[in-house]
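Visitor: Below are the sequence and a predicted model; questions follow.
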Amino acid sequence: MKFTAEDLHSAKTRKDLVAIAKKKNVNIDNVVRNLKYEIELSKLQSELVNLQQYITENQLRVAVLFEGRDAAGKGGSIKRFREHLNPRSSRVVALSKPTDNERGQWYFRRYIKELPNPGEIVFFDRSWYNRAVVEPVMGFCNKEQYNQFMVQVPEFEHMLYEDGVIIIKFWFSISKEVQSKRFNARLKNPLKQWKFSPVDKMGQQLWDKYTYYKEQMFTKTHTNFSPWIIVKTNDKKTARLESMRYLLSHFDYSDKEDISNLIQPDPNVIVRYYRNAKQIDI
């Protein structure tokens, strides 16, 4: 059975709607789940506004890196992170492929100029870690360039750390089956077809190669001063909420104690990398 127009008009509150649903045996599990998500998202986004004020007042420089396989949900998460923030002190960096001039420069140079200014939070939709995974998998860099990067990146991040830049490194982890489903959904949706590229097509075929380079990246670039935080879930909404919780829990901003329950991330979803950790995208 379904709701009728009369049912919807007679329901004054959510409780009324739930009561009607039970009476008519209407399954509203998805509706309830989505409502809970929207409520949680709204609360966390409000806290992100408070966090941004704290960052601005204390002149902090915060860079949040969103990494993961194609279709892992990086862009959607960034959208929700930044949705209600002041654009004057927050921005998204999503660099295209390097120009001929940039190819002749030190690899990190084009990322350095995008780093946060005092009082600013910057969200990187992919970052310098392109060279750790995507580029060697797709043949966009040679072995010498890759090896040099892997040696330099911990030193580069240590310099940023010593200079006071706060770096949060997220890896959004999804299974091969879910990636395939999301690719197919993109192709069917005219509003999302632009997201699908030739590189995406190769994602499924080169899954194991991606896994190898991903593990190399974790092993060689996970440090105490710049750790990898794995967001381990196939559910986009859970990934968004839990990554928000982690970012909020990372800072001691005003009134944090009052919302400590809200911002504690789920340890089954948010996992600090360690070698024997179970992963879903291997």
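Guide: Nice, thanks for sending it over.

Visitor: Now do the strands in the protein.
Guide: Using DSSP state E, the strands of the chain run over residues 61-68, 90-93, 120-125, 165-173, 228-232, 270-272.

Visitor: Adding distance to Leu191, mean pLDDT and mean neighbour count, write the ones you listed out as TSV.
Guide: Backbone N, C-alpha and C define where each C-beta goes, glycine included. Shown next, in TSV, are the strands of the chain (distance: least, Cβ to Cβ, whole Å; pLDDT from 0 to 100; neighbours: other Cβ atoms under 10 Å):
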stretch	distance to Leu191	mean pLDDT	mean neighbour count
strand 61-68	21	98	22
strand 90-93	19	98	18
strand 120-125	18	98	22
strand 165-173	21	98	21
strand 228-232	25	98	23
strand 270-272	30	96	17
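
Visitor: what about Ala277, how many neighbours?
Guide: Residues near Ala277, counting by other Cβ atoms under 10 Å, number 11.

Visitor: what about Ile280, neighbour count?
Guide: Here the number of neighbours of Ile280 (other Cβ under 10 Å) works out to 14.

Visitor: Just give the nearest non-adjacent residue to it, would you?
Guide: Nearest non-adjacent residue to Ile280, counting by Cβ to Cβ, 6 or more residues apart in numbering: Ser175, 4.9 Å away.

Visitor: OK, contacts around the closest residue to Ser254 other than its chain neighbours?
Guide: In space, and not counting its chain neighbours, Ser254 is closest to Tyr54: 6.5 Å by Cβ to Cβ, 6+ apart. For Tyr54, the contact set (Cβ atoms under 8 Å, 6 or more residues apart in numbering) comprises 60, 251, 253-254.

Visitor: Kindly report the same for Lys43.
Guide: Applying Cβ under 8 Å, 6+ apart to Lys43 gives the contacts 259, 262.

Visitor: how near is it to Leu206?
Guide: 39 Å (Cβ to Cβ, to the nearest Å).

Visitor: do the same with Cys141
Guide: 15 Å.

Visitor: Just want to know which of these two has more residues nearby.
Guide: Cys141 (20 against 15).

Visitor: wait, that one sits on Arg131?
Guide: Yes - here Cys141 reaches Arg131: they are 5.8 Å apart, a contact under Cβ atoms under 8 Å.

Visitor: Any chance you could list residues touching both of those two?
Guide: Phe149.

Visitor: Find the least confident helix or strand in this protein, judged by mean pLDDT.
Guide: None of the helices or strands of the chain scores lower by mean pLDDT, DSSP states H and E than helix 5-10, at a mean of 74.

Visitor: which of the residues in that one are buried?
Guide: When burial is assessed from 16 or more other Cβ atoms under 10 Å, helix 5-10 yields the following buried residues: Asp7.

Visitor: what helices or strands is it leaning on?
Guide: Using 3 or more Cβ pairs under 8 Å, 6 or more residues apart in numbering; DSSP states H and E, the elements in contact with helix 5-10 are helix 14-24.

Visitor: what about the helix it packs on, average pLDDT?
Guide: Averaging pLDDT along helix 14-24 gives 79.
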